[in-house]
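Colleague: need the 3D shape of this:
(chains A and B, ligands or ions: 2)
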Amino acid sequence: MIRLSSLTKRFGEQTVLDGIDLSIEEGERVVVIGPSGTGKSTLLRCINFLDRPDHGSIKIGDLTVTAERANRRGILALRRRTAFVFQNYSLFANRTVRENITEGLIVVRGWPASKARERADEILRDIGLSDRAEAYPSALSGGQQQRVGIGRAMALDADLMLFDEPTSALDPEWVGEVLDLMRRVAETRQTMLIVTHEMQFAREIADRIVFMDAGHIVEMGSPAAIFDDPKDRRTKNFLRRVS
Amino acid sequence: MRALDYEYMLGLVPILLGYVPLTLMMAGIAMACALVLSSLLAIERVIKVPVLDRFVVLFISFFRGTPLLVQLFLFYYGLPQVFAFLTQIDGVTAAIMGLTLHFSAYMSESIRAAIVGIDRSQWEASEAIGMTRLQMMRRIILPQATRVAAPTLVNYLIDMIKSTSLAFTLGVTEMMGATQKEAAGSFLYFEAFLVVAVLYWIIVEVLSFFQKRLETYLNRAYAR
Ligand SMILES: Nc1ncnc2c1ncn2[C@@H]1O[C@H](COP(=O)(O)OP(=O)(O)OP(=O)(O)O)[C@@H](O)[C@H]1O
Ligand SMILES: [Mg+2]
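Modeller: Residues are numbered from 1 along each chain as shown, chains lettered A, B, ... in the order given. Ligands and ions are numbered 1, 2, ... in the order given. This is a model prediction of the structure:
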């Protein structure tokens, strides 16, 4: 069980997250939608302290980290229970595809190299990149890089996988393969929190849709409830614009 | 214009070649020490440890702001007068120390610039995966910064090899010191210094050859 309580983030004068409360069940797939500049990325980045929240707390299983009292240990523990898939892939440029996947296992979880390598090879099969194991990220297509980004996250066996618009930076031809891989991750009952502008995909994959606007959760519910019968005016407006 | 004494010059080559190992040894040790020290200084400049940061800034400022020759004299002739235990220090050690400290100051600035130039995505991906700051530096940031800084660092190594010639002012008979002695005996100054100049030049050219291979190797992750 994951619980965000009154999560608040300011950049200077601007309140980007205004007391976000959100609970996510184990195995649940939650998709966050909303207009640009609403704080969706910031929400994800606050959950693993890439951005430091100003107020509120994050609870993942038996670990609770409170913004005001967060120390380095708590933040590391939080990061080790989450995995992040970036919009621009952010693969380790000095590491091969396989090493990108083993890196977290060896360095963070302390696995022996041989065991990490075996696990990486399993994941490489899952993401369909066994033949590119020794390649460096710069030699891959965008779609392949993002599949490695997802593979790197899969390796960590995280309690919560965070996806920040994983297909937004991709050429349209590569979007399909990345969404397919995410569907397969979802089938494993991995708990996922996804920000995306792919509405059709959101409807398919989500157990729950969260609509955010201006730092608030405006409305949430099942895909059918949000997409077919939105209650709030802002949700209606947004959906009209994107469809 | 008189003709050059080629026979004398040829005879000098094997004599001076005998001093090449000492020159390379001084530069090699100083470079190895400087790489370690400058990396530590650079990391400190990036992380900015309170209080320590002030000393690091001062250190870099002093060793960049004063001539190497003055620093060498300060170490070799000056410090033993103040600290008695340093009286044992010989010219070679003093030269290596001086070169290390002097070049560390310069190199740390190049490495620092390379570190802060590494794309933010690399820092964030390392953080997100749960690395400590040390792990992040060691495994992701420094290896990438090395590639960026490598051409500059090799230039400093070249500069360092040439700067070992200053050790002769501390009474060390290295390539330059040996040439000086030979020339004083034969009065053929032009021939003697021409030979030693060419020797330094050849050493640097050999190094430049390896520089290209090193850069190709460091760029392997970025070739498409
Ligand atoms: N590091 C920062 N410094 C200052 N302001 C920031 C910073 N990061 C984000 N913001 C601001 O916070 C607000 C929310 O940004 P955020 O990136 O979370 O929005 P978003 O919902 O992800 O938008 P998009 O759909 O365009 O990705 C924006 O107004 C943005 O300008
Ligand atoms: Mg965003």
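
Colleague: what parts of chain A come near ligand 1?
Modeller: Proximity of chain A to ligand 1, by Cβ under 6 Å from any ligand atom, involves residues A:11, A:16, A:36, A:37, A:38, A:39, A:40, A:41, A:42. For glycine as for every other residue, the C-beta is placed from the backbone atoms N, C-alpha and C.

Colleague: can you count the residues close to the first one?
Modeller: Read that as residue A:11. The number of residues packed near residue A:11 is 12, by other Cβ atoms under 10 Å in any protein chain shown.

Colleague: cool, the third one as well?
Modeller: Other residues within reach of residue A:36 by the criterion other Cβ under 10 Å amount to 7.

Colleague: for it, give me phi and psi.
Modeller: Main-chain torsions, residue A:36, degrees, to the nearest 10: phi -60, psi 140.

Colleague: send the alpha carbons of stretch A:161-170 over as PDB?
Modeller: The C-alpha trace of stretch A:161-170 is given here as PDB (Å, rounded to 0.1, in the frame of the first residue of the first chain):
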ATOM      1  CA  MET A 161       7.200   2.100 -10.800                       C
ATOM      2  CA  LEU A 162       6.900   5.700 -11.900                       C
ATOM      3  CA  PHE A 163       6.500   6.600 -15.600                       C
ATOM      4  CA  ASP A 164       6.800  10.300 -16.600                       C
ATOM      5  CA  GLU A 165       5.400  10.500 -20.200                       C
ATOM      6  CA  PRO A 166       7.500   7.600 -21.400                       C
ATOM      7  CA  THR A 167       6.500   8.000 -25.000                       C
ATOM      8  CA  SER A 168       6.400  11.800 -25.400                       C
ATOM      9  CA  ALA A 169       9.900  12.100 -26.700                       C
ATOM     10  CA  LEU A 170       9.500   9.300 -29.200                       C
END
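
Colleague: before we move on, what SS does the most centrally placed residue in chain A have?
Modeller: Centrality entry for chain A: nearest residue to the mean C-alpha point is residue A:162, 1.6 Å, by Cα atoms, centre = their mean. Three-state assignment for residue A:162 (DSSP: H, G, I helix; E, B strand; the rest coil): strand.

Colleague: who's in contact with it?
Modeller: A:44, A:47, A:48, A:82, A:83, A:84, A:85, A:192, A:193, A:194 (Cβ atoms under 8 Å, 6 or more residues apart in numbering or on different chains).

Colleague: how does it look with 6 Å?
Modeller: A:44, A:82, A:84, A:193 (Cβ atoms under 6 Å, 6 or more residues apart in numbering or on different chains).

Colleague: if you look at those, which of them are in strands?
Modeller: A:82, A:84, A:193 (DSSP state E).

Colleague: ok, and of those residues, which contact chain B?
Modeller: The subset of the ones in strands among the contacts of residue A:162 lying close to chain B, counting by Cβ under 6 Å from any Cβ of the partner chain, consists of residue A:84.

Colleague: make JSON lines out of the ones in strands among the contacts of residue A:162 and add pLDDT and distance to residue B:180.
Modeller: As requested, these are arranged in JSON lines below (pLDDT from 0 to 100; distance: Cβ to Cβ, whole Å):
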{"residue": "A:82", "pLDDT": "97", "distance to residue B:180": "66"}
{"residue": "A:84", "pLDDT": "97", "distance to residue B:180": "63"}
{"residue": "A:193", "pLDDT": "98", "distance to residue B:180": "73"}
